[in-house]
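make a model of this:
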Amino acid sequence: MALNIVTLLVSVLALVISAWLAWGQLTSSRKSTILAMIMDGFKDTRGDDYLEAVEYVLYQLAIDHPQPVPYLQLPEEAKKHVQRAGLFYNDLGKLVAHGIVDESLIIGAYGKSLLRAWTVLAPFVYLERRARQRNAMPYFEDLAWRVSNNPPESVYRKLGLHALPPPTPR
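Residues are numbered from 1 along each chain as shown. Prediction:
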């Protein structure tokens, strides 16, 4: 009888240890996949297409189109830039909203430009929603809301990031 109890306890212990190790492996694998996605996204933001699109959205769109229209009605070049920047931020918002990526990482990396881009694009997006009866870029909007409530500076402060100003000239 005592041998059966010992055998049962050893079996249960082995099962618990196996489950714990499997969970650790699954978590590690998930983190590796997420890291690869994030690094790919960061790499993408250094490409000319992305940089050109964000620059256009941030500094030129409102000048070229002071009267917003549904963004799919913009001329091809402007529409391409709006979609490139807006859908990138929307994809980041998906990762944050679904808890795949910590929002502080995205806010710290993209917060200011993301919020400014939403401020410029919101009238175009809202008109697009109304015109097509669809919810265009909802994750981008949610992410912009998160940034407005948790600005990059507060993320940097919470992380304890340090500043190292340039040396004074001699």
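
use CA for all of it now, contacts and neighbours both
Will do.

secondary structure element holding residue 89?
In this structure, residue 89 is located in helix 76-97 according to DSSP states H and E.

quick one: that helix to chain centroid distance?
How far helix 76-97 lies from its chain's middle: 11 Å, per C-alpha atoms, centre = their mean, to the nearest Å.

swap in stretch 16-31?
When C-alpha coordinates are averaged (C-alpha atoms, centre = their mean), stretch 16-31 and its chain have centres 26 Å apart.

contacting residues for residue 57?
Applying C-alpha atoms under 8 Å, 6 or more residues apart in numbering to residue 57 gives the contacts 81-82, 85, 117, 120-121.

give me the pLDDT for residue 65.
You'll see residue 65 listed with a pLDDT of 97.

equivalent analysis for residue 15, please.
Confidence score, pLDDT, at residue 15: 74.

just flag the most distant two among the contacts of residue 57.
Maximum pairwise distance among those (C-alpha to C-alpha): 12.6 Å, between 81 and 120.

which of those two has more residues huddled nearby?
residue 81 (21 against 18; other C-alpha atoms under 10 Å).

neighbours around the closest residue to residue 44 other than its chain neighbours, how many?
Leaving aside its chain neighbours, residue 44 sits nearest to residue 50 (7.0 Å; criterion: C-alpha to C-alpha, 6 or more residues apart in numbering). Neighbour count of residue 50, defined by other C-alpha under 10 Å: 16.
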